[in-house]
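1. Please work out how this folds:
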Amino acid sequence: MPEPAPVSQPAPPRLRIGILLTPRFTLSAFATFVDVLRLAADDGDGSRPIRCQWKVLSADMAPVQSSCGIRVEPDERLGDPSRFDYIFTVGGLIESGRLSPEQSAFLRRAATARVALGGLCTGVFAMARIGLMDGYRCCVSWFHHQDFLAEFERMRPVSDQIFVVDRDRLSCSGGVSAAHLSAFLVDRHLGRAAARKSLSILMIDEPMEGDRPQPGLPLELNAHDPLVRRALLAMQQNLQAPLSIARIARDLGVGRRKLERHFNADLGIPPADASIRIRLAQARMLLSRSDRTVTRIAEETGFCDASHLIRVFRETEGITPDLWRQQSQTPGEARTPE
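-> Coordinates of the predicted model:
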């Protein structure tokens, strides 16, 4: 009788990712990152981890609670980090998002073994606390830019891009940027068609490059030019101590005149006027939502003093900040206390 044909072994996954969840992690960043992998891993929508594999790792296998209250069960114990191509830490609430001693030791072993490490959402805070981001560029949401600077004075986070890849460190600003970082990895290991397929099923138009400006800033200026948007982000991130236009241009790697030309072409106003509008928008928000004094608001929005804010505010709104606050307050509306 003829010998039976040998059973072919399935090919190993081309992309293997381990995931650490910090306490009160952001569920959306974790879910969108994994869903891109899931949709790229199999033909159709079968969700089989064939071409890529992902595992939630734990020291004790206890469920981890996200910031919205939903708990996620780990898949495997920490073990040998070299079985993965990448290991990502998912952050969420900054103060509670700290790595355990076992997780920290695991990531240090991974770094020694030259496994690429990444942070989703505020995961870079947890990684920076144990020294794994020293000497690397990292991406932080504009919303947490000042929080990062307050904790890591010697590091300068990137908050005008959706994700950053610096050698063997990867990081993203959270939210849908986690999907784009995941698609970047899928593109790198499985091909662009797989990345586009995943994003299309998730109703995301197309993969975005890491240097795409972060969306979602509460600005009244609707800029389309990427250079202008990055400049507006720099203004937003430095409200209390506004940067000079020359400094912003230098940080963006362009001359001041070029930056001014881009502003005039895109918004029809010079950068200095845009800076005033952003600071006034923040002042109006603080007037309507808090009981802060005009003097305090002037300090927090980069005006020289209360008189300076009052003068600029009256020129723009036609009334003083205090009168604007009275007129804008809805009857019975509660304000946030000082």
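
2. same for the helix-or-strand element of the chain with minimal mean pLDDT, what does it pack against?
-> The helix or strand of the chain with the lowest confidence, counting by mean pLDDT, DSSP states H and E, is helix 145-151 at a mean of 84. Counting contacts by 3 or more C-beta pairs under 8 Å, 6 or more residues apart in numbering; DSSP states H and E, helix 145-151 packs against helix 123-129. (C-beta placed from N, C-alpha, C; glycine too.)

3. Quick one: distance of the least confident helix or strand of the chain to the chain centre.
-> Its chain's average C-alpha position is 13 Å from that of helix 145-151, according to C-alpha atoms, centre = their mean, to the nearest Å.

4. just stretch 317-333 next, same as before
-> 34 Å.

5. from here on, count from 878
-> Yes, from this point I'll number from 878; that puts the last item at stretch 1194-1210.

6. What are the buried residues along that stretch?
-> Neighbour-count burial for stretch 1194-1210, counted by 16 or more other C-beta atoms under 10 Å, picks out 1198, 1201-1202.

7. where do the helices sit along the stretch 928-1077 of the chain?
-> 978-989, 1000-1006, 1022-1028, 1054-1067, 1069-1078 (DSSP state H, counting those that start in this stretch).

8. Tell me the buried residues in the longest one?
-> It stands for helix 1054-1067. Going by neighbour count (16+ other C-beta under 10 Å), the buried part of helix 1054-1067 is 1054-1064, 1066-1067.

9. One more: the last one?
-> For helix 1069-1078, a neighbour-count test (16+ other C-beta under 10 Å) marks 1071-1076 as buried.

10. Which positions within stretch 1006-1016 qualify as buried?
-> Within stretch 1006-1016, the residues that qualify as buried are 1007, 1009-1010, 1013-1016, counting by 16+ other C-beta under 10 Å.

11. Ok, stretch 1108-1119 next?
-> 1108-1116, 1119.

12. hmm, back to that, tell me the one among the buried residues of helix 1054-1067 nearest to Ile1174.
-> Nearest to Ile1174, judged by C-beta to C-beta, of these is Ser1054 at 31.1 Å.

13. so what's the closest one closest to, chain neighbours aside?
-> Excluding its sequence neighbours, the residue lying closest to Ser1054 (C-beta to C-beta, 6 or more residues apart in numbering) is Ile1039, at 3.9 Å.

14. Would you list the phi and psi of that neighbour?
-> With angles defined as degrees, to the nearest 10, Ile1039 sits at phi -80, psi -30.

15. quick one: low-confidence ranges for this protein?
-> For the chain, residues meeting the criterion pLDDT under 70 lie at 878-886, 1092-1097, 1206-1215.

16. And the residue nearest the centre of it?
-> Centroid-nearest residue in the chain: Ser1050, 0.9 Å away (criterion: C-alpha atoms, centre = their mean).

17. the helices in the stretch 1078-1215 of the chain, which residues?
-> Counting by DSSP H, counting those that start in this stretch, the helices of the stretch 1078-1215 of the chain are 1103-1114, 1122-1128, 1133-1143, 1148-1166, 1171-1177, 1183-1194, 1198-1205.

18. Nearest to Phe1029, out of those helices?
-> Of all these, it is helix 1103-1114 that lies closest to Phe1029, at 14.9 Å by C-beta to C-beta.

19. Now do that closest one: which elements does it pack against?
-> Using 3+ C-beta pairs under 8 Å, 6+ apart: helix 1103-1114 touches helix 1122-1128, helix 1133-1143, helix 1148-1166.

20. closest to Leu955 out of these?
-> Closest to Leu955 of the helices and strands packed on helix 1103-1114 is helix 1122-1128 (C-beta to C-beta; 39.7 Å).

21. contacts for that closest one?
-> The contact list for helix 1122-1128 (C-beta atoms under 8 Å, 6 or more residues apart in numbering) reads 1108, 1111-1112, 1120, 1132-1133, 1135-1137, 1148-1149, 1152.
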